[in-house]
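Visitor: Pasting the sequence and the predicted coordinates here, then a few questions.
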Amino acid sequence: VKREIGPVAPTLRPGDTGAIRLPRSEHTSLISESGPPYVNCCHGGPLSSFLGAIADSIPGKMILIDEGLEHSFVTEEGRIAFYEAVVSAYHLRVNGDASKFTRLEEWRLEKAEEDDQDTDEEKVGVWVLTVTEARDVKQSVAECVYTVLQNALRKFERRCWAEHHVVVLESSMNAPKRLVAPIIEDLNITELGNVNLVLLVEDGTITQCYPPFG
């Protein structure tokens, strides 16, 4: 971050806004090569205005495996570059390349008004302020769980793969077991359709979430 701030900060006057660009890398998961097209990720559903523009440029369905910070873009150029990187990654994935792809994220940089009471250190230093929109954590995790299960259900609806259909989920930093397990346990047989068993893996431990014990 310090290296990126260095070239930009001197070009800003008090009150000006700039942007620094930071590299990010992530995987893409291909759901289907045919439509209706959509893109999903940990920070926005397929109907979000942010991801909708990408769906217009691909013929199939995909998920971005991006468990880091929420997407942030300050300039239109940065947003377009992100779209182009995702579309390119989609086509690589269709052709069998499952490696990570790299893109750039933008952070807003603002030149603060100098205060006569500021110390010399404060005048030459940098304040880093990180914010995100208010979210209900449990609701956000539930939305992610429902999306993953819906994708699994679509596969089981089209074809009977085995005598028992099992879905195995893996917890993450953003969706730990303590939040995911109760969500799955509250689902009923109507919502899960042809799924017979749902397992959750966290740190090597496997927990049966559906059907719930007892």
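Guide: Cool, the structure landed.

Visitor: Next SSE downstream of the worst-scoring helix or strand of the chain on mean pLDDT?
Guide: Least confident helix or strand of the chain, by mean pLDDT, DSSP states H and E, is helix 120-124 with a mean of 61. Downstream of helix 120-124, the first helix or strand assigned by DSSP states H and E is helix 137-158.

Visitor: Ignoring the adjacent residues along the chain, who's closest to E113?
Guide: Spatial nearest neighbour of E113, excluding adjacent residues (C-beta to C-beta, 6 or more residues apart in numbering): P14 at 4.7 Å. (Each C-beta comes from the backbone N, C-alpha and C, glycine too.)

Visitor: count of neighbours near the one you found?
Guide: By the criterion of other C-beta atoms under 10 Å, P14 has 9 neighbours.

Visitor: longest strand in the protein, by residue count?
Guide: strand 17-32 (DSSP state E).

Visitor: got the buried residues for that strand?
Guide: Neighbour counts over strand 17-32 (16 or more other C-beta atoms under 10 Å) mark 18-21, 24, 26, 28, 31 as buried.

Visitor: residues in contact with the closest residue to L197 other than its chain neighbours?
Guide: Nearest non-adjacent residue to L197, counting by C-beta to C-beta, 6+ apart: V166, 4.5 Å away. Applying C-beta atoms under 8 Å, 6 or more residues apart in numbering, we find V166 in contact with 195-199.

Visitor: now with 7 Å?
Guide: If you count contacts by C-beta atoms under 7 Å, 6 or more residues apart in numbering, V166 has them with 196-197, 199.

Visitor: Pick the one among the residues you listed closest to S57.
Guide: L199 (35.7 Å; C-beta to C-beta).

Visitor: Many thanks, I have nothing further to ask.
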